[in-house]
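Engineer: Model the structure of this input:
(one chain, ligands or ions: 1)
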Amino acid sequence: MAQGIFVELAVPDDPFLDVFCCGQARVDHYFRKREWFAEQSKGGSLATYVYRAGEAGPVVGYASVSFRNQPHPDDASSSKAKVLVISMLGVDQAFQGQSNPSAGDQSYAASVMADLEERARSKANCVALKLWVRSTNARAIGFYVKVGFVRDPGRPFQLDDGDPMLTMRKFLR
Ligand SMILES: CC(C)(COP(=O)(O)OP(=O)(O)OC[C@H]1O[C@@H](n2cnc3c(N)ncnc32)[C@H](O)[C@@H]1OP(=O)(O)O)[C@@H](O)C(=O)NCCC(=O)NCCS
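Structural biologist: Numbering: from 1, shown residues only. The predicted structure follows:
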């Protein structure tokens with residue numbers, strides 16, 4: 001158990017993946033269709049974790065992350081540094097906005113993020129956590145700000161389907 005939450009590597013035959021529902025269609029699809037497992041199988045450093053409320057307890061959520069060299073400290077930088085990229089994160093609706101009794105007043109989502117931050121801090125030369133979020137996803141942005149992320153100073157960039165995306169980072173000091 002880390003940060004008051006149980007965590008292990010996700011496996012594709014996890015039956016909860018079929019019913020996982022975080023309320024964002026793109027995120028639900030990524031985990032339900034095991035897109036993460038297909039990506040993982042191609043090699044690279046992508047890891048997908050499943051978080052549980054107890055050792056054999058209900059699933060709280062999933063996170064797919066990888067260590068990458070990225071422009072740093074902002075998107076316009078010509079220099080790069082090692083960051084932990086959170087490529088997909090979802091907390092099941094049953095646990096959204098819920099306090100984790102094993103971690104004081106912290107929400108379950110904050111416990112997931114604390115675990116990811118611990119992974120970033122324990123990686124040599126890792127300087128930040130980084131993610132991209134739709135600028136229309138107010139709840140996720142509110143959550144990221146609450147746990148210490150800041151927006152990239154540049155303008156949001158446009159995805160193919162038209163939704164502007166923000167880059168957000170949490171700097172490790
Ligand atoms: C993003 C996510 C992981 C956050 O988990 P969560 O349990 O909702 O997070 P928390 O309850 O700890 O925090 C959410 C914060 O956003 C705030 N918030 C909620 N709705 C908001 C809104 N419309 N505008 C701004 N802030 C909002 C809440 O007030 C809360 O802050 P508080 O604890 O200070 O009140 C979860 O909502 C989720 O899985 N969403 C669907 C998938 C998704 O969007 N993933 C991110 C893709 S980049």
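
Engineer: From residue 3, how far out is the residue lying farthest from the centre of the chain?
Structural biologist: Residue farthest from the centre of the chain, counting by Cα atoms, centre = their mean, is residue 78 at 25.1 Å. With distances taken as Cβ to Cβ, to the nearest Å, residue 78 is found 35 Å from residue 3. In this view, the C-beta of every residue, glycine as well, is placed from N, C-alpha and C.

Engineer: Tell me if stretch 156-172 is near the ligand.
Structural biologist: No: applying Cβ under 6 Å from any ligand atom, one finds stretch 156-172 separated from the ligand by no less than 8.6 Å.

Engineer: max-length helix in the protein?
Structural biologist: helix 108-121 (DSSP state H).

Engineer: where's it relative to the chain centroid, distance-wise?
Structural biologist: 9 Å (Cα atoms, centre = their mean, to the nearest Å).

Engineer: what's the angle from the next helix or strand along the chain from that helix to helix 108-121?
Structural biologist: Toward the C-terminus, helix 108-121 is succeeded by strand 126-134 as the next helix or strand (DSSP states H and E). Orientation check (axes from the mean of the first three to the mean of the last three Cα atoms, to 10 degrees): strand 126-134 against helix 108-121 gives 140 degrees.

Engineer: and the helix or strand that strand 126-134 is followed by, what other elements does it pack with?
Structural biologist: Reading on from strand 126-134 to the C-terminus, the next helix or strand found by DSSP H and E is helix 138-146. Packing partners of helix 138-146 (3 or more Cβ pairs under 8 Å, 6 or more residues apart in numbering; DSSP states H and E): helix 108-121, strand 126-134, strand 164-171.

Engineer: any idea how far residue 101 is from the residue of the chain at minimum distance from the ligand?
Structural biologist: Taking Cβ to the nearest ligand atom, the ligand has its nearest neighbour within the chain at residue 142, 2.4 Å off. The gap separating residue 142 from residue 101 is 22 Å, by Cβ to Cβ.

Engineer: same check, this time on residue 55
Structural biologist: Residue 55 sits 15 Å away from residue 101, going by Cβ to Cβ.

Engineer: same check, this time on residue 89
Structural biologist: 22 Å.

Engineer: Compare those two and say which is more crowded by neighbours.
Structural biologist: residue 89 (24 against 11; other Cβ atoms under 10 Å).
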